[in-house]
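1. Show me how the following folds:
(chains A and B)
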Number of protein chains: 2
Amino acid sequence: MRLALSTFAILLLTASIATAEPGNSLPSWNETESKATIIAFVESVTDRSADTFVPESERVAVFDNDGALWCERPVYFQLLFAIDQVNAMKSEHPEWRTTEPFKSVLAGDFQSVAASGEQGLKKLLAASHTGMTSDTFQNAVREWLQTARHPTLDRRYTELVYQPQLELLDYLRTNGFKTYIVSGGGIDFVRVFAEKVYGIPPEQVVGSSVEATYESRDGVPVIVKQPQGFFLDDKEGKPVGIYQHIGRRPILAVGNSDGDFQMLEYTTTGEGPRLGILIHHDDEDREFAYDRDSHIGRLSRGLDEAADRGWVVVSMADAWRKIFPSKPSAE
Amino acid sequence: MRLALSTFAILLLTASIATAEPGNSLPSWNETESKATIIAFVESVTDRSADTFVPESERVAVFDNDGALWCERPVYFQLLFAIDQVNAMKSEHPEWRTTEPFKSVLAGDFQSVAASGEQGLKKLLAASHTGMTSDTFQNAVREWLQTARHPTLDRRYTELVYQPQLELLDYLRTNGFKTYIVSGGGIDFVRVFAEKVYGIPPEQVVGSSVEATYESRDGVPVIVKQPQGFFLDDKEGKPVGIYQHIGRRPILAVGNSDGDFQMLEYTTTGEGPRLGILIHHDDEDREFAYDRDSHIGRLSRGLDEAADRGWVVVSMADAWRKIFPSKPSAE
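-> Numbers count the residues shown, from 1 in each chain, chains lettered A, B, ... in the order given. Okay, the predicted model is just below:
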């Protein structure tokens, strides 16, 4: 009897999913070709009678975070966190007044910090993100997210997620996809808010990372973040991060910059149905407009090759009815 | 109407789970204190009315693989794979005739191979597991698992999984746990068979690993396994691997050797209800008997401290009605 009831229940659940109208799942998406392509793709991989059908276990969707799920201007929000942390710690580090990138950080010169490149960022991240237990770090992030506000948009950072993308994540999960974040940002940073804000649990967050050690502090076993063994989950690092964490090639990848190029390439060169999506920041009025000449979120090769590769370029100005959630999404 | 049907379906599913008798879920477990403790723990964390209740998202269970989910004698099966690979490649490497650990491998001297320690194993693994694409490697493992047979037990290796543990994995999943493997063995090796044999998908396998690169070979983007950046997911490495891959502390950990000590310690020193389980190989008749003096799967500190730490020591001889599945489990 137990089996019979379960089978009946599964049939009912299946029926209820089948009757969901996809258009209603993406209310903040205008009726554009982008939206139609996304829906057609999802329907093609979930239609059991089609030869494009993909079993649920292989419906892996990967999303970049900065610029793809939330805003990345004026600079990556994690960098703003690092800057606030360095300012909070400056009295213990007088040498920072004369050494880069700390000197620029303390002067509030964001452009110079960004221009200090990978090496500069590594120093800044090492100072603000390592040498502490994972719990201490995550508590600092949590506290910062609760209080810090964006310099121009006057919202908390977790309120600067893109409403259409929240709907896309939900729509994919409703259709049996497992949704992942694959971020150039720090895995520990993103994990603090990804579950609450995006519905993506910590184990489905892939990101840049440092080595960690298992130690006993005051008799309590803890994880300590170390200032070495840096893995950059960006560009060629993204397929590697996906391989190490997920162990299968995604069938859907969503990014917004050339840092996502290899992730979309890796995803869309696999066999069977595949979809690559690039979010194009072309909405100066409601958010920001930038692409080929931007320090942050530069998108150039992606724009050049999208058409040939069959990737969808989503114009934020045209495709999105709204940008941010109406109400704070992560109180 | 859609919502009403879904709600009805969920009620039915819940009812069908609630009527499952836990005893029936573990038919290969004898009625011992070990079994009673496991069931009491699972009931305590799934009982919504109890203050020991744990939400599903936090019901993370981690299992060691070698000696905990499948047999590890005469040596780790992955080592037997590496040995077969080295033998297959020996004509291309005349230098192996005079250098360890290859010399012992080619002589079939398992004890010397095991005694070559971590450094020897690393050389053997680098030679047999790296410098190739991930697809090439996984195909080699797949082919080997389909043909190779255990030297004394006359079964294929995937038929040497423990039937009571397959039931325990199912029982936990039925009760909302997410089950993970956290193995000292290679993540890529275990991922080849974990989904089919244990019902554990690749993204829920944590293990030892090497660096990987993203490259184009003949115009096709591939992942290539590199002979450096070795991460040993054993002892102190297990909590680190859990932290990096899962990002939350498990509430249940199952191991069988002192290589699992830190994983059980990390798991059971968290707040709230926790359970640590050690499988004790004390069944010479049906499997193998070994603990304190064994090269492979040495269990000494765990036996000394289990009682004080509240860990369950499962006697294979007493607690398990059968050891291996009756029929091949992975045809």
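
2. how is chain A carved up into domains?
-> As recorded under automatic domain parsing, the domains making up chain A are A:22-73+A:157-319, A:77-147.

3. Turn these into a markdown table, including mean neighbour count and distance to chain B.
-> Heads up, the C-betas are built off the backbone N, CA and C, glycines and all. Formatted as a markdown table, the domains of chain A follow (neighbours: other CB atoms under 10 Å in any protein chain shown; distance: least, CB to the nearest CB, whole Å):
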| stretch | mean neighbour count | distance to chain B |
| --- | --- | --- |
| domain A:22-73+A:157-319 | 19 | 3 |
| domain A:77-147 | 16 | 6 |
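
4. in what helix or strand does A:F193 lie?
-> Take DSSP states H and E as the rule and A:F193 turns out to sit in helix A:187-198.

5. Would you mind measuring from the residue nearest the centre of chain A to A:F324?
-> Central residue of chain A (CA atoms, centre = their mean): A:N65, 1.8 Å from the mean position. A:N65 sits 15 Å away from A:F324, going by CB to CB, to the nearest Å.

6. Show me the strands in the stretch 101-250 of chain A, by range?
-> In the stretch 101-250 of chain A, the strands defined using DSSP state E, counting those that start in this stretch lie at A:178-186, A:205-208, A:212-217, A:220-225.

7. Need those in TSV (columns: distance to A:I277 and mean pLDDT).
-> Formatted as TSV, the strands of the stretch 101-250 of chain A follow (distance: least, CB to CB, whole Å; pLDDT from 0 to 100):
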stretch	distance to A:I277	mean pLDDT
strand A:178-186	13	97
strand A:205-208	18	97
strand A:212-217	33	95
strand A:220-225	32	95
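
8. what would these look like in JSON lines with distance to B:W320?
-> Shown next, in JSON lines, are the strands of the stretch 101-250 of chain A (distance: least, CB to CB, whole Å):
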{"stretch": "strand A:178-186", "distance to B:W320": "34"}
{"stretch": "strand A:205-208", "distance to B:W320": "37"}
{"stretch": "strand A:212-217", "distance to B:W320": "31"}
{"stretch": "strand A:220-225", "distance to B:W320": "30"}
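
9. mind listing what the residue lying closest to the residue nearest to the centre of chain A once chain neighbours are set aside touches?
-> Nearest residue to A:N65 in three dimensions, chain neighbours excluded: A:S183, at 3.9 Å (CB to CB, 6 or more residues apart in numbering or on different chains). With contact taken as CB atoms under 8 Å, 6 or more residues apart in numbering or on different chains, A:S183 is in contact with A:D64, A:N65, A:D66, A:V190, A:V205, A:V206, A:G207, A:S208, A:D233.

10. which among those residues gets closest to A:I246?
-> For these, the residue nearest A:I246 by CB to CB is A:V206; the value is 7.1 Å.

11. My read is that the closest one contacts A:P239, right?
-> No: using CB atoms under 8 Å, A:V206 makes no contact with A:P239, being 10.6 Å away.

12. shared neighbours of these two, anything?
-> Counting by CB under 8 Å, 6+ apart, A:V206 and A:P239 have no common neighbour.

13. Contacts only, for A:R301.
-> For A:R301, the contacting residues are A:D258, A:F261, by CB under 8 Å, 6+ apart.

14. repeat that for 10 Å
-> When contacts are counted by CB atoms under 10 Å, 6 or more residues apart in numbering or on different chains, A:R301 touches A:S257, A:D258, A:F261, A:R292.

15. farthest pair in those?
-> Most distant of the contacts of A:R301, by CB to CB, are A:F261 and A:R292, 13.5 Å apart.

16. Name the residues contacting each of these two.
-> Shared contacts of A:F261 and A:R292 (CB under 10 Å, 6+ apart): A:L299, A:S300, A:R301, A:G302.

17. how close does the third one sit to A:V62?
-> If I follow you right, that is A:R301. Distance from A:R301 to A:V62, counting by CB to CB: 19 Å.

18. Check the last one too.
-> The gap separating A:G302 from A:V62 is 15 Å, by CB to CB.

19. likewise the first one?
-> To A:V62, A:L299 is 17 Å away according to CB to CB.

20. for stretch A:251-264, how far is the first residue from the last?
-> End-to-end distance of stretch A:251-264: 9 Å, with CA to CA, to the nearest Å as the criterion.

21. before we move on, what about stretch A:66-84?
-> End-to-end distance for stretch A:66-84: 19 Å, by CA to CA.

22. Enumerate every residue touching A:P239.
-> Counting by CB under 10 Å, 6+ apart, A:P239 makes contact with A:62, A:182, A:233, A:249-250, A:253, A:262-267, B:212-215, B:221-223.

23. Looking at the contacts of A:S183, which is nearest B:L26?
-> Looking across the contacts of A:S183 and measuring by CB to CB, the closest to B:L26 is A:V205, at 33.6 Å.

24. Look up how far B:W29 lies from the closest one.
-> 36 Å.

25. what about the stretch 201-331 of chain A, any weak spots by pLDDT?
-> Low-confidence segments of the stretch 201-331 of chain A (pLDDT under 70): A:327-331.

26. That one: helices as residue ranges?
-> Applying DSSP state H, counting those that start in this stretch to the stretch 201-331 of chain A gives helices spanning A:237-245, A:261-268, A:301-309, A:316-319.

27. Out of the ones you listed, the one nearest A:D285 is which?
-> Closest to A:D285 of those, according to CB to CB: helix A:316-319, at 7.8 Å.

28. what about dumping the CA coordinates of that closest one to PDB?
-> Extracted in PDB, the C-alpha atoms of helix A:316-319 (Å, rounded to 0.1, in the frame of the first residue of the first chain):
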ATOM      1  CA  MET A 316      19.000  43.900 -19.700                       C
ATOM      2  CA  ALA A 317      17.300  47.000 -21.200                       C
ATOM      3  CA  ASP A 318      15.100  45.000 -23.600                       C
ATOM      4  CA  ALA A 319      14.600  41.600 -21.900                       C
END
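
29. Greatest separation within the shared contacts of A:F261 and A:R292: which pair is it?
-> A:L299 and A:R301 (8.1 Å).

30. shared neighbours, the two?
-> Taking CB under 10 Å, 6+ apart as the contact rule, A:L299 and A:R301 both touch A:S257, A:D258, A:F261, A:R292.

31. what sits against the nearest residue to the first one once chain neighbours are set aside?
-> Going back to what we said before, that points to A:S257. Distance criterion CB to CB, 6+ apart; nearest residue to A:S257, sequence neighbours excluded, is A:G297 at 4.3 Å. Neighbouring residues of A:G297 by CB under 10 Å, 6+ apart: A:64, A:66-68, A:71-73, A:75-76, A:255-260, A:279, A:281, A:288, A:290-291.

32. Could you measure from A:F137 over to A:F288?
-> For A:F137, the distance to A:F288 equals 29 Å [CB to CB].

33. One more: A:P202?
-> Using CB to CB, one gets 29 Å for the distance from A:P202 to A:F288.

34. Check A:V192 too.
-> When distance is defined by CB to CB, A:V192 is 24 Å away from A:F288.

35. just A:V54 next, same as before
-> Applying CB to CB, the value for A:V54 to A:F288 is 35 Å.

36. next one: A:K35
-> Relative to A:F288, and taking CB to CB, A:K35 is found at 22 Å.

37. Equivalent analysis for A:W144, please.
-> From A:W144 over to A:F288 (counting by CB to CB), the distance is 22 Å.

38. Please apply the same query to A:T32.
-> For A:T32 relative to A:F288 (CB to CB), the value is 20 Å.

39. ok now do the nearest residue to A:T52 once chain neighbours are set aside, which residues does it touch?
-> The shortest distance from A:T52 to any residue other than its chain neighbours is 4.2 Å, reached at A:S44 (CB to CB, 6+ apart). A:S44 makes contact with A:A50, A:D51, A:T52, A:F53, A:V54, A:P273, A:L275, according to CB under 10 Å, 6+ apart.

40. So the last one is in contact with A:W311, correct?
-> Yes: under the criterion of CB atoms under 10 Å, A:L275 lies in contact with A:W311, with a separation of 8.0 Å.
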